[in-house]
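1. got a sequence here, can you build the structure:
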Amino acid sequence: MSAEERIRFLQETLTYVESQMGNVRGTKPTPANPQPGTYRVEISNDILSIRLFPGGMQPEDAVLFLDFYNFASETPINAPAGYRMWILQINRAPIPLLSVETIAGHTAVGAGLEKFMTRDGVRVRLRRPNQADFVLDVPSRSGPPRPAEPGVGQAVLME
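-> Here you go, the predicted model:
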C-alpha cells in the first residue's frame, strides 16, 4: 500500500466513523474532568507517557484516542519532533498512525491539542530519535486482553 493509499484509507476510516457516530469530538480528559476508561502507558526512557481515552466514544465503538502526556505536570503534549507511530499488522506493512488533525488537513495544532485515533486491540510502534523503538498494545475493551510480552508496553486503567 503506497503512502497516498494509506492516507486515503485513514481519511476514509475517519469519515466512516464520523458518519456512524456523528461528530467525533475526541474530547480529552483533564484533571478537573477525568474520563472513565482512560489508560496510561509508560514509555521506556522517556518523561512522557501515552494516554488512551474514549473521548466521547462508547466501548462498543472499539475506538480509543491517544495522546502524549506528562503526568508530572499533568499536561498533554503534542507529539515531539521526530516521534512517529505505526499500527503493526500481521503479514502486512505497518500503517502510519497520523493525528486526527493531520488527517483533517490542519497544519498548525495548538499546544497539547493533538490526538490520534486507533482501534481497540491493535499493536502500535513508536519511533523516537536516538532511542530504541517502543511497542505498546492498545487495550481491547470487548475481548480478552493480550497476554503480557517482554518489551511491550501495557496499558494500565486509571480509575
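2. nearest residue to the middle of this structure?
-> In the chain, the residue lying closest to the centroid (CA atoms, centre = their mean) is Leu66, at 3.2 Å.
3. so where do the helices sit in this protein?
-> Taking DSSP state H as the test, the helices found in the chain are 3-21, 100-103.
4. I'd assumed Tyr69 was in contact with Ile47.
-> No: if you go by CB atoms under 8 Å, Ile47 and Tyr69 don't touch, sitting 10.3 Å apart. Where you see a C-beta, it was placed from the backbone N, CA and C, and this is true even at glycine.
5. show me which of the two is the more surrounded one.
-> Just comparing Ile47 and Tyr69: by other CB atoms under 10 Å the higher neighbour count belongs to Tyr69, 24 against 10.
6. pretty sure Ala155 contacts Val41?
-> Yes: if you go by CB under 8 Å, Ala155 and Val41 touch, sitting 5.1 Å apart.
7. now do the shared contacts for those two.
-> Leu52, Leu136 (CB atoms under 8 Å, 6 or more residues apart in numbering).
8. ok, back up a step: tell me what the residue nearest to the centre of the chain is bridged to.
-> Assessed by DSSP bridges, Leu66 has beta-bridge partners Leu52, Phe116.
9. what pLDDT does it get?
-> The model reports Leu66 with a pLDDT of 94.
10. how much space between it and Arg128?
-> Distance of Leu66 to Arg128, given as CB to CB, to the nearest Å: 15 Å.
11. also Phe71?
-> 18 Å.
12. same check, this time on Phe116
-> 15 Å.
13. can you check Thr27 too?
-> Applying CB to CB to Thr27 and Arg128 gives a distance of 27 Å.
14. which one's more surrounded, these two?
-> Shown here are Thr27 and Arg128; by other CB under 10 Å, Arg128 has more neighbours (18 against 15).
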